[in-house]
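K.L.:
Build me a model from this:
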Amino acid sequence: MIVETVETEVLLEGLEFPECPRWHDGRLWFSDVHAHLVMRVDLDGNADVVADIGDRAAGLGFLPDGTPLVVSADRKLVLRIEDGVPAVHADLSGLAVEWLNDMVVDEHGRAYVDAIAHVEDRGGDEPIDSIILVEPDGSWRLAATRALRPNGIAITPDGTTLLHASTRRRKVMQWSIEGDGTLTSPEVWADTGRWTPDGLCLDAEGAVWIGGLAKQHFVRLRKGGEVERAIEVPGRWATACTLGGRDRTTLFMATADPETKRGYIEIATVAVAGAGRP
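P.N.:
Next up, the predicted model:
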């Protein structure tokens, strides 16, 4: 394993707890979870608030026409943002789950949303959580019913495979995406060992970057769990990451110090460009 010695650059600070970074239309979009905000920042550090959703903001994505979608975690809604105003895209409040988490939107505008049965992690490896498929018109159905604490979520470039972090189980899981969007054939893509995976993204060689949470590193993994590279963010939780920038070789890293409630967007240049979604 190679641990990067280059220092990361702080692109933006003054946040509470940034999560779910997405590169879109020349800017990094992200959720500031506890501030209830959807924000975006350009490569010069110029940031603005897109919307205040009045709830913990979680997963982000974009419909084919560019309309932003965001998960309202505790109200169990998927919202679309139109001219800065959030409106209900899909109401999942009838689900027998306690909160929603991350989300990825495919090229057709289908959104896959993590649905967590219990806020308190009861431990064990029984997969009692779900992944919801929200169609572009806002209708929804269960895509998978036996998911294990799904968190960061991504889709491969060919649209046939979905990966998600199973955070406290220290695994990355893989699902096949059927033609109708249903998820089948779950299997372990990688055991992450000492690393606790949160947000994740894919690169063009099929590797995955994960945020290692309290381990204070972003880690590049191969299928099977081989750790090839790690970037240290000392003193901060490594929560989520995405590859973007002009050639998708900028690794945008959402970091936070939970004790001080100070959050940051940090950047570093990597060798392999991003691929797939987000």
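K.L.:
Quick one: neighbours of residue 84, just the number.
P.N.:
Burial of residue 84, expressed as a neighbour count using other C-beta atoms under 10 Å, amounts to 12. Any C-beta I mention is one placed from the backbone N, CA and C, and that applies to glycine too.
K.L.:
For the nearest residue to it once chain neighbours are set aside, name its beta-bridge partners.
P.N.:
Of all residues beyond its chain neighbours, the one nearest residue 84 is residue 51 (5.4 Å), with distances taken as C-beta to C-beta, 6 or more residues apart in numbering. The partner list for residue 51 in beta bridges (DSSP bridges) reads residue 38.
K.L.:
Could you pull up the contacting residues of residue 51?
P.N.:
Residue 51 is in contact with 37, 38, 68, 70, 81, 84, 85, 86, counting by C-beta atoms under 8 Å, 6 or more residues apart in numbering.
K.L.:
change it to 6 Å
P.N.:
By C-beta atoms under 6 Å, 6 or more residues apart in numbering, the contact set of residue 51 is 38, 81, 84, 86.
K.L.:
cool, and residue 89?
P.N.:
The contact partners of residue 89, by C-beta under 6 Å, 6+ apart, come to 69, 78, 79, 80, 138.
K.L.:
Equivalent analysis for residue 119, please.
P.N.:
Taking C-beta under 6 Å, 6+ apart, we find residue 119 in contact with residue 98.
K.L.:
Quick check: which element contains it?
P.N.:
Residue 119 belongs to no helix or strand when elements are defined using DSSP states H and E.
K.L.:
List only buried entries from the contacts of residue 51.
P.N.:
Neighbour-count burial (16 or more other C-beta atoms under 10 Å) applied to the contacts of residue 51 gives 38, 81, 86.
K.L.:
Quick check, the second one in contact with residue 68.
P.N.:
Yes: between residue 81 and residue 68 a contact is recorded at 4.4 Å, counting by C-beta atoms under 6 Å.
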